[in-house]
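> With the input below, show me the fold.
(2 chains)
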Amino acid sequence: MKGMTLIVKTMTALLIGFILLFGAYVILTGHLSPGGGFAGGVICAAGLLLVVLAFGADIVRERMGHRMALLWETLGAIGFLAIAALGFITGTFFAHFVRHGAGFRLFTGGSILYSNLAIGLKVAAGLFGAFLMLAAFRETERTDRGEDGGD
Amino acid sequence: MSETLLILYGVICFMLVAALVAVETRDLLSSVLCLGAVGFGLAVVDLIVGAPDLALTQVVVEIFAVVLLIRTVVAREDTTREFIRDTPHVAAMGAMIMGILIGAYVCFQQLTPFGDPPMVMGASYMRAAEEAGATNLVTAVLLDFRAYDTLGEATVIFAAIMGCYALLRTRGRKEEHEGHDADS
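From the prediction side, this is the model:
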(Lines give C-alpha, C1' and ligand atoms only; values in the text may rest on other atoms or scores of the structure.)
Protein backbone atom coordinates (compact mmCIF):
# COMPACT_ATOMS: atom_id res chain seq x y z
CA MET A 1 0.00 0.00 0.00
CA LYS A 2 1.51 3.27 -1.11
CA GLY A 3 -1.23 5.58 0.10
CA MET A 4 -3.65 7.81 -1.73
CA THR A 5 -3.57 11.24 -3.38
CA LEU A 6 -2.52 14.57 -1.87
CA ILE A 7 -6.16 15.60 -1.30
CA VAL A 8 -6.88 12.53 0.83
CA LYS A 9 -3.61 12.96 2.74
CA THR A 10 -4.32 16.62 3.55
CA MET A 11 -7.89 15.93 4.65
CA THR A 12 -6.71 13.03 6.81
CA ALA A 13 -4.06 15.21 8.45
CA LEU A 14 -6.75 17.79 9.22
CA LEU A 15 -9.38 15.36 10.47
CA ILE A 16 -7.45 12.72 12.41
CA GLY A 17 -7.09 14.93 15.50
CA PHE A 18 -10.84 15.52 15.69
CA ILE A 19 -11.63 11.82 15.15
CA LEU A 20 -9.29 10.76 17.96
CA LEU A 21 -10.68 13.56 20.16
CA PHE A 22 -14.23 12.31 19.58
CA GLY A 23 -13.11 8.77 20.39
CA ALA A 24 -11.52 9.96 23.63
CA TYR A 25 -14.73 11.89 24.44
CA VAL A 26 -16.90 8.82 23.90
CA ILE A 27 -14.57 6.73 26.10
CA LEU A 28 -14.37 9.32 28.89
CA THR A 29 -18.11 10.07 29.06
CA GLY A 30 -19.15 6.45 28.71
CA HIS A 31 -20.76 6.46 32.15
CA LEU A 32 -22.71 9.68 31.47
CA SER A 33 -23.96 9.44 27.88
CA PRO A 34 -24.26 6.72 25.20
CA GLY A 35 -20.94 5.22 24.32
CA GLY A 36 -18.27 3.62 26.42
CA GLY A 37 -14.97 1.87 26.15
CA PHE A 38 -15.80 -0.40 23.23
CA ALA A 39 -17.49 2.20 20.99
CA GLY A 40 -14.84 4.86 21.67
CA GLY A 41 -12.04 2.34 21.12
CA VAL A 42 -13.49 1.36 17.74
CA ILE A 43 -13.78 5.07 16.79
CA CYS A 44 -10.08 5.58 17.58
CA ALA A 45 -9.16 2.42 15.67
CA ALA A 46 -11.21 3.60 12.67
CA GLY A 47 -9.35 6.93 12.73
CA LEU A 48 -6.01 5.12 12.73
CA LEU A 49 -7.33 2.92 9.90
CA LEU A 50 -7.99 6.10 7.91
CA VAL A 51 -4.34 7.10 8.46
CA VAL A 52 -3.15 3.67 7.29
CA LEU A 53 -5.32 3.84 4.15
CA ALA A 54 -4.32 7.43 3.29
CA PHE A 55 -0.59 7.36 3.98
CA GLY A 56 0.22 3.68 3.38
CA ALA A 57 1.01 0.95 5.85
CA ASP A 58 4.79 1.33 5.66
CA ILE A 59 4.89 4.91 6.95
CA VAL A 60 2.53 4.02 9.80
CA ARG A 61 4.54 0.91 10.63
CA GLU A 62 7.67 3.03 11.15
CA ARG A 63 5.91 4.93 13.95
CA MET A 64 3.82 2.13 15.45
CA GLY A 65 4.16 -1.46 14.29
CA HIS A 66 1.95 -4.36 15.27
CA ARG A 67 4.34 -5.27 18.09
CA MET A 68 3.66 -1.88 19.67
CA ALA A 69 -0.09 -2.36 19.10
CA LEU A 70 0.13 -5.77 20.76
CA LEU A 71 1.94 -4.19 23.73
CA TRP A 72 -0.74 -1.52 24.17
CA GLU A 73 -3.53 -4.09 23.84
CA THR A 74 -1.96 -6.27 26.49
CA LEU A 75 -1.50 -3.21 28.72
CA GLY A 76 -5.21 -2.42 28.35
CA ALA A 77 -6.23 -5.98 29.25
CA ILE A 78 -3.90 -6.06 32.27
CA GLY A 79 -5.16 -2.60 33.27
CA PHE A 80 -8.78 -3.81 33.26
CA LEU A 81 -7.82 -6.82 35.39
CA ALA A 82 -5.82 -4.56 37.73
CA ILE A 83 -8.81 -2.22 38.18
CA ALA A 84 -10.95 -5.25 38.97
CA ALA A 85 -8.33 -6.53 41.45
CA LEU A 86 -8.08 -3.09 43.09
CA GLY A 87 -11.60 -3.78 44.33
CA PHE A 88 -10.00 -5.93 47.02
CA ILE A 89 -9.06 -2.67 48.78
CA THR A 90 -12.67 -2.07 49.70
CA GLY A 91 -14.04 -5.58 49.54
CA THR A 92 -14.38 -8.01 46.67
CA PHE A 93 -13.24 -8.41 43.07
CA PHE A 94 -14.77 -5.64 40.90
CA ALA A 95 -15.89 -3.57 43.91
CA HIS A 96 -15.47 0.19 43.45
CA PHE A 97 -12.13 1.27 44.92
CA VAL A 98 -13.10 4.94 44.72
CA ARG A 99 -16.35 6.48 45.83
CA HIS A 100 -17.71 9.48 43.98
CA GLY A 101 -21.02 11.21 44.15
CA ALA A 102 -23.74 10.82 41.55
CA GLY A 103 -24.71 13.35 38.91
CA PHE A 104 -23.62 14.43 35.46
CA ARG A 105 -19.97 15.09 36.24
CA LEU A 106 -16.85 13.39 34.88
CA PHE A 107 -15.60 11.91 38.14
CA THR A 108 -18.68 9.97 39.12
CA GLY A 109 -19.56 6.33 39.07
CA GLY A 110 -16.60 4.87 40.97
CA SER A 111 -14.21 2.75 38.95
CA ILE A 112 -16.39 2.64 35.81
CA LEU A 113 -14.45 5.55 34.25
CA TYR A 114 -11.10 3.78 34.68
CA SER A 115 -12.47 0.47 33.40
CA ASN A 116 -13.77 2.29 30.31
CA LEU A 117 -10.31 3.81 29.75
CA ALA A 118 -8.63 0.40 29.92
CA ILE A 119 -11.19 -1.25 27.61
CA GLY A 120 -10.94 1.62 25.12
CA LEU A 121 -7.15 1.32 24.98
CA LYS A 122 -7.41 -2.43 24.51
CA VAL A 123 -10.03 -2.30 21.74
CA ALA A 124 -8.33 0.55 19.82
CA ALA A 125 -4.89 -1.09 19.88
CA GLY A 126 -6.30 -4.54 19.15
CA LEU A 127 -8.34 -3.58 16.08
CA PHE A 128 -5.57 -1.32 14.73
CA GLY A 129 -3.01 -4.12 15.11
CA ALA A 130 -5.32 -6.60 13.40
CA PHE A 131 -5.79 -4.23 10.46
CA LEU A 132 -2.01 -3.69 10.18
CA MET A 133 -1.56 -7.47 10.11
CA LEU A 134 -4.19 -7.77 7.34
CA ALA A 135 -2.43 -5.07 5.28
CA ALA A 136 0.88 -6.90 5.69
CA PHE A 137 -0.81 -10.15 4.67
CA ARG A 138 -2.14 -8.73 1.41
CA GLU A 139 1.23 -7.21 0.57
CA THR A 140 3.06 -10.51 0.97
CA GLU A 141 0.47 -12.23 -1.18
CA ARG A 142 0.92 -9.65 -3.95
CA THR A 143 4.71 -9.93 -3.98
CA ASP A 144 4.29 -13.72 -4.15
CA ARG A 145 2.14 -13.33 -7.25
CA GLY A 146 4.75 -11.08 -8.82
CA GLU A 147 2.92 -7.74 -8.66
CA ASP A 148 4.54 -4.56 -7.46
CA GLY A 149 2.10 -3.98 -4.59
CA GLY A 150 0.69 -0.57 -5.52
CA ASP A 151 -2.99 0.03 -6.10
CA MET B 1 -50.36 2.70 13.97
CA SER B 2 -48.06 5.43 15.24
CA GLU B 3 -45.60 7.31 13.06
CA THR B 4 -42.52 5.86 14.80
CA LEU B 5 -43.71 2.33 14.18
CA LEU B 6 -44.28 3.15 10.49
CA ILE B 7 -40.70 4.44 10.17
CA LEU B 8 -39.47 1.31 11.96
CA TYR B 9 -41.29 -0.98 9.51
CA GLY B 10 -40.02 1.10 6.59
CA VAL B 11 -36.41 0.74 7.71
CA ILE B 12 -36.90 -2.99 8.28
CA CYS B 13 -38.30 -3.38 4.74
CA PHE B 14 -35.29 -1.45 3.39
CA MET B 15 -32.98 -3.82 5.29
CA LEU B 16 -34.79 -6.86 3.88
CA VAL B 17 -34.48 -5.56 0.30
CA ALA B 18 -30.80 -4.74 0.81
CA ALA B 19 -30.15 -8.19 2.27
CA LEU B 20 -31.89 -9.84 -0.72
CA VAL B 21 -29.82 -7.78 -3.17
CA ALA B 22 -26.66 -8.66 -1.21
CA VAL B 23 -27.44 -12.35 -1.58
CA GLU B 24 -28.59 -12.25 -5.20
CA THR B 25 -26.18 -9.84 -6.92
CA ARG B 26 -23.35 -11.23 -9.03
CA ASP B 27 -20.81 -8.53 -8.21
CA LEU B 28 -19.04 -9.01 -4.88
CA LEU B 29 -18.48 -5.26 -4.38
CA SER B 30 -22.23 -4.49 -4.69
CA SER B 31 -22.84 -7.34 -2.28
CA VAL B 32 -20.49 -5.79 0.30
CA LEU B 33 -22.11 -2.36 -0.13
CA CYS B 34 -25.60 -3.85 0.37
CA LEU B 35 -24.31 -5.54 3.53
CA GLY B 36 -23.21 -2.11 4.73
CA ALA B 37 -26.71 -0.77 3.98
CA VAL B 38 -28.19 -3.55 6.13
CA GLY B 39 -25.84 -2.63 8.97
CA PHE B 40 -26.65 1.09 8.87
CA GLY B 41 -30.37 0.25 8.70
CA LEU B 42 -29.87 -1.83 11.83
CA ALA B 43 -28.28 1.21 13.52
CA VAL B 44 -31.37 3.30 12.65
CA VAL B 45 -33.61 0.54 14.05
CA ASP B 46 -31.54 0.58 17.27
CA LEU B 47 -32.07 4.34 17.55
CA ILE B 48 -35.84 4.04 17.00
CA VAL B 49 -36.35 1.31 19.60
CA GLY B 50 -34.30 3.32 22.12
CA ALA B 51 -30.83 1.76 22.22
CA PRO B 52 -28.41 4.65 21.51
CA ASP B 53 -25.37 2.82 22.93
CA LEU B 54 -25.88 -0.09 20.58
CA ALA B 55 -26.60 2.27 17.64
CA LEU B 56 -23.30 4.10 18.17
CA THR B 57 -21.34 0.85 18.38
CA GLN B 58 -23.19 -0.56 15.36
CA VAL B 59 -22.38 2.47 13.16
CA VAL B 60 -18.69 2.46 14.07
CA VAL B 61 -18.20 -1.30 13.74
CA GLU B 62 -20.12 -1.24 10.43
CA ILE B 63 -17.78 1.42 9.03
CA PHE B 64 -14.76 -0.65 10.12
CA ALA B 65 -16.16 -3.88 8.66
CA VAL B 66 -17.24 -2.33 5.34
CA VAL B 67 -13.83 -0.69 4.81
CA LEU B 68 -12.09 -4.00 5.57
CA LEU B 69 -14.40 -5.97 3.24
CA ILE B 70 -14.07 -3.43 0.41
CA ARG B 71 -10.27 -3.58 0.65
CA THR B 72 -10.39 -7.36 0.59
CA VAL B 73 -12.74 -7.46 -2.41
CA VAL B 74 -10.89 -4.78 -4.41
CA ALA B 75 -7.64 -6.72 -3.99
CA ARG B 76 -9.19 -9.74 -5.75
CA GLU B 77 -8.75 -10.13 -9.49
CA ASP B 78 -12.20 -11.54 -10.23
CA THR B 79 -15.03 -9.90 -8.27
CA THR B 80 -17.94 -11.86 -9.75
CA ARG B 81 -19.33 -15.13 -8.51
CA GLU B 82 -21.29 -18.04 -9.90
CA PHE B 83 -24.73 -19.27 -8.81
CA ILE B 84 -26.08 -22.81 -8.78
CA ARG B 85 -29.76 -22.64 -9.87
CA ASP B 86 -31.24 -26.06 -10.61
CA THR B 87 -34.57 -27.50 -9.48
CA PRO B 88 -33.43 -29.27 -6.26
CA HIS B 89 -31.72 -26.10 -4.97
CA VAL B 90 -34.74 -23.90 -5.67
CA ALA B 91 -37.08 -26.48 -4.08
CA ALA B 92 -34.89 -26.73 -0.96
CA MET B 93 -34.73 -22.95 -0.69
CA GLY B 94 -38.52 -22.62 -1.01
CA ALA B 95 -39.06 -25.27 1.66
CA MET B 96 -36.66 -23.50 3.99
CA ILE B 97 -38.34 -20.11 3.51
CA MET B 98 -41.78 -21.67 4.15
CA GLY B 99 -40.46 -23.36 7.32
CA ILE B 100 -38.96 -20.11 8.63
CA LEU B 101 -42.20 -18.20 7.91
CA ILE B 102 -44.38 -20.76 9.70
CA GLY B 103 -41.95 -20.91 12.63
CA ALA B 104 -41.88 -17.12 12.85
CA TYR B 105 -45.71 -16.97 12.83
CA VAL B 106 -45.92 -19.48 15.69
CA CYS B 107 -43.19 -17.63 17.65
CA PHE B 108 -44.78 -14.19 17.24
CA GLN B 109 -48.11 -15.52 18.55
CA GLN B 110 -46.35 -16.20 21.87
CA LEU B 111 -44.59 -12.84 22.24
CA THR B 112 -45.75 -10.06 24.52
CA PRO B 113 -46.62 -6.71 22.85
CA PHE B 114 -43.75 -4.63 21.50
CA GLY B 115 -41.88 -2.61 24.16
CA ASP B 116 -43.53 -4.41 27.09
CA PRO B 117 -40.91 -6.61 28.77
CA PRO B 118 -42.35 -9.56 30.66
CA MET B 119 -39.48 -9.69 33.16
CA VAL B 120 -39.56 -7.93 36.53
CA MET B 121 -35.79 -7.24 36.55
CA GLY B 122 -36.18 -3.63 35.36
CA ALA B 123 -36.86 -1.96 38.70
CA SER B 124 -34.02 -3.68 40.53
CA TYR B 125 -31.67 -2.87 37.67
CA MET B 126 -32.57 0.82 37.98
CA ARG B 127 -31.88 0.76 41.73
CA ALA B 128 -28.53 -1.00 41.25
CA ALA B 129 -27.53 1.51 38.55
CA GLU B 130 -28.33 4.35 40.92
CA GLU B 131 -26.09 2.73 43.52
CA ALA B 132 -23.30 2.43 40.95
CA GLY B 133 -23.48 6.21 40.46
CA ALA B 134 -23.39 6.15 36.66
CA THR B 135 -26.07 8.06 34.78
CA ASN B 136 -25.79 5.82 31.71
CA LEU B 137 -27.68 2.68 32.67
CA VAL B 138 -26.07 0.50 30.01
CA THR B 139 -22.55 1.25 31.19
CA ALA B 140 -23.65 0.75 34.77
CA VAL B 141 -24.89 -2.71 33.83
CA LEU B 142 -21.80 -3.56 31.78
CA LEU B 143 -19.14 -2.37 34.20
CA ASP B 144 -20.76 -2.60 37.63
CA PHE B 145 -23.03 -5.51 38.38
CA ARG B 146 -22.38 -7.44 35.16
CA ALA B 147 -18.64 -6.74 35.15
CA TYR B 148 -17.75 -10.43 35.01
CA ASP B 149 -19.58 -10.64 31.68
CA THR B 150 -17.50 -7.73 30.36
CA LEU B 151 -14.30 -9.35 31.61
CA GLY B 152 -15.16 -12.60 29.83
CA GLU B 153 -16.08 -10.73 26.64
CA ALA B 154 -12.81 -8.77 26.74
CA THR B 155 -10.96 -12.07 27.15
CA VAL B 156 -12.73 -13.51 24.10
CA ILE B 157 -11.76 -10.47 21.98
CA PHE B 158 -8.20 -10.71 23.27
CA ALA B 159 -8.00 -14.39 22.30
CA ALA B 160 -9.50 -13.63 18.86
CA ILE B 161 -6.92 -10.90 18.16
CA MET B 162 -4.13 -13.23 19.33
CA GLY B 163 -5.44 -15.84 16.90
CA CYS B 164 -5.39 -13.22 14.10
CA TYR B 165 -1.77 -12.40 14.90
CA ALA B 166 -0.78 -16.06 14.92
CA LEU B 167 -2.57 -16.82 11.62
CA LEU B 168 -1.59 -13.70 9.67
CA ARG B 169 2.07 -13.61 10.72
CA THR B 170 3.24 -14.71 7.27
CA ARG B 171 6.05 -12.33 6.47
CA GLY B 172 8.54 -13.00 9.28
CA ARG B 173 8.14 -16.74 9.20
CA LYS B 174 8.47 -17.00 5.42
CA GLU B 175 11.76 -15.07 5.36
CA GLU B 176 13.06 -17.32 8.12
CA HIS B 177 12.14 -20.41 6.08
CA GLU B 178 13.79 -19.12 2.93
CA GLY B 179 16.96 -18.39 4.90
CA HIS B 180 17.00 -21.99 6.15
CA ASP B 181 16.54 -23.35 2.63
CA ALA B 182 19.43 -21.25 1.37
CA ASP B 183 21.68 -22.52 4.16
CA SER B 184 20.96 -26.22 3.69
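> quick one: pLDDT of the closest residue to residue B:34 other than its chain neighbours?
Distances taken as Cβ to Cβ, 6 or more residues apart in numbering or on different chains place residue B:22 nearest to residue B:34, at 3.6 Å, with adjacent residues excluded. From N, CA and C alone the C-beta is placed, and that goes for glycine too. At residue B:22, the model reports a pLDDT of 90.
> what about residue B:22, how many neighbours?
The number of residues packed near residue B:22 is 17, by other Cβ atoms under 10 Å in any protein chain shown.
> same question, residue A:34
For residue A:34, using other Cβ under 10 Å, the count is 19.
> That one belongs to a strand?
No. Counting by DSSP: H, G, I helix; E, B strand; the rest coil, residue A:34 is located in no strand; its state is coil.
> any idea how far chain B is from the spatially most central residue of chain A?
By Cα atoms, centre = their mean, chain A has its centre lying nearest to residue A:124, at 1.7 Å. Distance, residue A:124 to chain B, using Cβ to the nearest Cβ, to the nearest Å: 11 Å.
> Please name every helix or strand in contact with the helix or strand encompassing that residue.
Element membership for residue A:124 (DSSP states H and E) is helix A:112-145. Applying 3 or more Cβ pairs under 8 Å, 6 or more residues apart in numbering or on different chains; DSSP states H and E, one finds that helix A:112-145 contacts helix A:6-28, helix A:37-55, helix A:57-63, helix A:66-85, helix B:52-74, helix B:137-140, helix B:147-168, helix B:170-183.
> Is the shortest one in proximity to chain A?
To tie it back to what came earlier, the one meant is helix B:137-140. Yes. If you take Cβ under 8 Å from any Cβ of the partner chain as the test, helix B:137-140 does meet chain A, through B:138, B:139, B:140.
> Present those as JSON lines; the columns should include pLDDT and distance to residue A:66.
Output for those, formatted as JSON lines (pLDDT from 0 to 100; distance: Cβ to Cβ, whole Å):
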{"residue": "B:138", "pLDDT": "81", "distance to residue A:66": "32"}
{"residue": "B:139", "pLDDT": "82", "distance to residue A:66": "30"}
{"residue": "B:140", "pLDDT": "81", "distance to residue A:66": "34"}
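> Between those residues, identify the one with the most neighbours.
Busiest of the residues of helix B:137-140 next to chain A [other Cβ under 10 Å] is residue B:139, holding 28 neighbours.
> What are the neighbouring residues in contact with that one?
Shown in contact with residue B:139 (Cβ atoms under 8 Å, 6 or more residues apart in numbering or on different chains): A:30, A:31, A:36, A:109, A:112, A:116, B:53.
> who's in contact with residue 113?
By default, I'm working from chain A. A:28, A:30, A:31, A:106, A:107.
> looking at chain B here, not the other one
Contacts of residue B:113 (Cβ under 8 Å, 6+ apart): none.
> ok so, going back, mind giving me TSV with the contacts of residue B:139 and columns for distance to residue B:37, neighbour count and pLDDT?
Converted to TSV, the contacts of residue B:139 look like this (distance: Cβ to Cβ, whole Å; neighbours: other Cβ atoms under 10 Å in any protein chain shown; pLDDT from 0 to 100):
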residue	distance to residue B:37	neighbour count	pLDDT
A:30	28	30	85
A:31	33	28	84
A:36	26	27	84
A:109	37	30	71
A:112	35	27	84
A:116	31	30	90
B:53	22	20	90
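> biggest separation within those residues, which pair?
A:109 and B:53 (15.0 Å; Cβ to Cβ).
> my read: residue B:136 touches residue B:56, true?
No. Residue B:136 is not in contact with residue B:56 according to Cβ atoms under 8 Å; the separation is 11.4 Å.
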